[in-house]
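Peer 1: Dropping a prediction and its sequence here:
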Amino acid sequence: MTDRELLRTGLNEYLSEVSDKTIDNLLKFSELLLEKNKVMNLTAITDPTEVVTRHFLDCAALAPHMPQGGRVLDVGTGAGFPGMPLAILCPQTEFVLLDALRKRIDFLNEVIETLGLTNVTAVHARAEDFAKDSRASFDMAVSRAVADLRTLSELAVPMVKVGGAFLAMKAEDCTEEVETAANARTVLGAPDAEVLHYTVPFDEVSRAIVRLQKTQETPEKYPRRFKKIQTSPL
């Protein structure tokens, strides 16, 4: 099976319809990612087929949850995951990809320009700084970052509107991490956690999405400075 066939078949498990243009854009993103990765550390995955399975088909698990016509923030997007594949898959949703490393944002802006995407913006900023002017301005936040859920929640939840949600991509066995974040969730206004399990097509790796529904306003003092979040997590 070719990478194109793998991608289309895998995406059909999440979405009822995927256009040829969408497939083209994802494969082009893979080419740009692997080419840039030769001179800049963006991903440890260097095989094109594994980019399809371990990156694209993993990130695509979030696609059915995206708010059509809404705004989504990808916190700590890195090389563009999960935000860039989601922006390609969900053209009716507006995405902001946030990262503190300028080189990554420069790369993502190249991808946006090359693919002609109009529903996604890459922003160079620390999350706690970006939050100053972006509190409660997104319908949803997502993250595939490796940080602990307590840290991710403090960086992301303040920027989500009441009624919106934060979706964190985690390993299948994340029960202890979710329980440890109970105080953080409560303080930040998203006390209830729902864990959604899925298996990545063709990769057969079991993963989890932790969904935090925001039901109350986040106190103004959050997020704190990142060093404080790390040394004194909620």
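Peer 2: On my side now, so go ahead.
Peer 1: residues in contact with the biggest helix by length in the chain?
Peer 2: When the chain is parsed with DSSP state H, its longest helix is helix 20-36. Residues from elsewhere that reach helix 20-36, judged by C-beta atoms under 8 Å, 6 or more residues apart in numbering: 3-4, 7-8, 11, 42-43, 46, 48, 51-52, 55-56, 79-80, 84-85, 88-89, 107, 110-111, 114-115, 117. C-beta coordinates here come from the backbone N, C-alpha and C atoms, glycine included.
Peer 1: tell me the mean pLDDT over the lengthiest strand in the chain?
Peer 2: Longest strand of the chain, by residue count under DSSP state E: strand 160-171. Averaging pLDDT along strand 160-171 yields 98.
Peer 1: What is the subsequent helix or strand relative to it?
Peer 2: helix 175-180 (DSSP states H and E).
Peer 1: What residues of that following helix count as buried?
Peer 2: 177-178 (16 or more other C-beta atoms under 10 Å).
Peer 1: tell me the SS of D139?
Peer 2: Three-state assignment for D139 (DSSP: H, G, I helix; E, B strand; the rest coil): strand.
Peer 1: thought it was touching V72?
Peer 2: Yes. Applying C-beta atoms under 8 Å as the test, D139 and V72 come out as touching, 6.7 Å apart.
Peer 1: okay, the two: which has more neighbours?
Peer 2: V72 (28 against 19; other C-beta atoms under 10 Å).
Peer 1: can I assume that one sits in a helix?
Peer 2: No. With three-state DSSP as the criterion, V72 is assigned strand and is not in a helix.
Peer 1: Can you tell me how far it is from D203?
Peer 2: 24 Å (C-beta to C-beta, to the nearest Å).
Peer 1: Please enumerate residues in contact with the helix or strand H197 falls within?
Peer 2: If you go by DSSP H and E, H197 is part of strand 193-199. Outside strand 193-199, the residues within contact range by C-beta under 8 Å, 6+ apart are 61, 172, 174-175, 178, 181-182, 185, 205-213.
Peer 1: neighbouring strands for the helix or strand T121 falls within, and are they parallel or not?
Peer 2: Assessed by DSSP H and E, T121 sits inside strand 120-124. Strand 120-124 sits in its sheet next to strand 94-99 (parallel), going by DSSP bridges.
Peer 1: Over the partner strand, what's the mean pLDDT, rounded is fine.
Peer 2: 98.
Peer 1: how close does the spatially closest residue to A122 that is not a sequence neighbour sit to H124?
Peer 2: Once flanking residues are discounted, A122 sits nearest to L108: 3.9 Å by C-beta to C-beta, 6 or more residues apart in numbering. The gap separating L108 from H124 is 10 Å, by C-beta to C-beta.
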